[in-house]
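S.K.: Okay, here's the prediction I keep looking at, along with the sequence it came from:
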Amino acid sequence: MKGLTEIFQSADWKNEKHVPVIEVPEVIKKGENFKVMISVGKKIPHPNTTEHHIAWIDVYFLPDGEKFPINLSKFSISAHGASSQGPNTSTVYTHPEVSLTFKTDKSGELIVFSYCNIHGLWTNSQKISIS
């Protein structure tokens, strides 16, 4: 049986179009809402065609000292140019970039997973510190 580290891929997002890129403010205040931006293909664009696309992005937060992460959001990315006329015939393509806003009283780690229909599961994480 494969472990999670064997099925989730990660790399330097500046050289890889599949790694979720996490952007958070430098200063986050305890109990105040803050915005998190997540994108796939920030430096090198991901194709996002009918044949090759990011299907979803999931975001978790693991507060310091806690055992289990909290699921903050699940995003389905559904428009990849497909239509009743066939693959890549629509003019509608969704870019895999999402944002969410939340607040916390604890520092911790944001953990993001994304899924490419051809290249599988990808992950990235970002430590956040609460002041």
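M.R.: That came through fine.
S.K.: Touching, D105 and K29? I think so.
M.R.: No. Contact criterion C-beta atoms under 8 Å: D105 and K29 do not qualify, at 10.1 Å. No exception for glycine: its C-beta is placed from N, CA and C like everyone else's.
S.K.: who touches both of these two?
M.R.: I130 (C-beta atoms under 8 Å, 6 or more residues apart in numbering).
S.K.: got the phi/psi numbers for the residue of the chain positioned farthest from its centre?
M.R.: Here the chain reaches farthest from its C-alpha mean at Q85, the gap being 30.3 Å by C-alpha atoms, centre = their mean. Per-residue torsions, Q85: phi -80, psi -10 (degrees, to the nearest 10).
S.K.: Would you quantify the distance from it to W56?
M.R.: Per C-beta to C-beta, to the nearest Å, Q85 is found 25 Å from W56.
S.K.: about what we covered before: list the contacts of the residue farthest from the centre of the chain.
M.R.: No contacts exist for Q85 under C-beta under 8 Å, 6+ apart.
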